[in-house]
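[1] Mind looking at a prediction? Sequence and model below.
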Amino acid sequence: MSCFPLPRFRTGLGLPASGAARITLVLALWLLAILPAVHAAQIRLVNGDQLTGTIVRLDQEQLVFDSELAGRLTIPRGHIQSLTSETPLLIRLTNGAEHNGPISAERTPAAHLSSHEERRFDLAMIRAINPEPVPAKVWAGDLTFGASLKGGNSDKIGFSAGINASRRDLPHRFVLGLVGKYAETEGQVTTRNAYANLRYDYFLTPRFYPYLSAELLYDTFKNLELRSAIGPGTGYQFWDTPRSALAVETGVAFFHEKHQSGPDQSWASGRLAGHFRYAFSNNLSFSEQLLIYPSLARLGQFTLRNEAAVKTPLSYGWALRLASIIEHDSHPKTGIKRTDFDLTMGLQYSY
């Protein structure tokens, strides 16, 4: 029985089918080898170390990075010198603008690195990479109510109410506060005042912001029909997390006092402020706001307001709040004491 050799099929390139398969396999392996290099991100740290992998996200505090060798890493933002990625990323800048695409960013003050066309950015101008969706623009804050009643040898009744609200729409922040107090002793009014503060912040970087601030005070027993302090300045937000926050501010203010009796007064002053908040646990938190206005015209003269409070939650958004407010005027009008101290306890509702 004779045997006939089977025909050998050839490809359009003139190569045997087995040869084409080998070339296809080699090409596939080569592509698999270079694809990670093309699409991987590279991170260079300030100490010179380099990492290769994938950028998951970047916020004001840290970078989440999937390293090819070390797995998922959390790197403090301050440790990053530069980063690059050919894979498109969503970049949100400090001015609120967004860019979607590859990126090259470096820690440098060079202005030319902010060009979208070159896809290169100054790292300080990037607020976030692949950020969480921006929540609806809403106000958040709290309402506080307090009352006191005393009977017997002396009758005393007092009320207080306040509101604090803030709204953060990157890169803007609006802050509003208002508190009023009224008290009678033996039918005579002994306390009647109101205080309001308003502030607008514009964040140029994740931490640095210029602001415009206004504080207003009405107090019958300080002979003040209205005291206003309005002016600009700059602030620095060291951190702002659900658990704690710390910020300091410095600026100037124009003071004007309209008195219930006597001539009005106006002068220029500096403005120093500090804002601190810390939650010791789920059941106890502390906050403090300090304002100092040193006169620029009269050395040694200043006004001060400090509000410190502790609160503990109850239920359904309500909390018990104990607050201490100290107001000090280094050179008050004749017959008016330098320091007022007020300790109040009340209920606070957060929204």
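    Yes, it's here.

[2] Tell me where the stretch 1-150 of the chain has helices.
    Assigned by DSSP state H, counting those that start in this stretch, the stretch 1-150 of the chain shows helices spanning 17-39.

[3] Quick check: chain neighbours aside, which residue is closest to Leu272?
    Of all residues not flanking Leu272 in the chain, Ile292 sits nearest, at 4.5 Å (Cβ to Cβ, 6 or more residues apart in numbering). Bear in mind the C-beta positions are built from the backbone N, C-alpha and C, glycine included.

[4] How many residues are close by that neighbour?
    Using other Cβ atoms under 10 Å, Ile292 has 16 other residues around it.

[5] in the helix or strand hosting it, what counts as buried?
    Here Ile292, judged by DSSP states H and E, is contained in strand 284-294. Neighbour-count burial for strand 284-294 flags 285, 287, 289-294 (criterion: 16 or more other Cβ atoms under 10 Å).

[6] would you list these in TSV and tack on pLDDT and distance to Lys181?
    Converted to TSV, the buried residues of strand 284-294 look like this (pLDDT from 0 to 100; distance: Cβ to Cβ, whole Å):
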residue	pLDDT	distance to Lys181
Ser285	95	23
Ser287	96	19
Gln289	96	17
Leu290	97	20
Leu291	96	18
Ile292	97	22
Tyr293	96	21
Pro294	96	26
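
[7] Which elements pack onto the helix or strand harbouring Tyr278?
    In the assignment (DSSP H and E), Tyr278 maps to strand 265-281. When contacts are defined as 3 or more Cβ pairs under 8 Å, 6 or more residues apart in numbering; DSSP states H and E, strand 265-281 sits against strand 224-240, strand 244-259, strand 284-294.

[8] so the closest residue to Val248 other than its chain neighbours bridges to which residues?
    Closest residue to Val248 apart from its sequence neighbours, by Cβ to Cβ, 6+ apart: Gly274 at 5.3 Å. Beta bridges link Gly274 to Val248, Leu290, judged by DSSP bridges.

[9] residue contacts, Gly274?
    Gly274 makes contacts with 246-249, 288-290, as judged by Cβ atoms under 8 Å, 6 or more residues apart in numbering.

[10] Among those residues, which one lies nearest to Pro131?
    Distances from Pro131 to the contacts of Gly274, taken as Cβ to Cβ, are shortest for Ala247 (21.5 Å).

[11] quick one, what contacts that closest one?
    235-238, 240, 274-275.

[12] Backbone dihedrals for Arg243, please?
    phi -90, psi -40 (degrees, to the nearest 10).

[13] Please give the number of neighbouring residues around the closest residue to it other than its chain neighbours.
    With Cβ to Cβ, 6+ apart as the criterion, Arg243 has its nearest non-adjacent residue at 4.9 Å, and that residue is Ala279. Neighbour count for Ala279, taken as other Cβ under 10 Å: 15.
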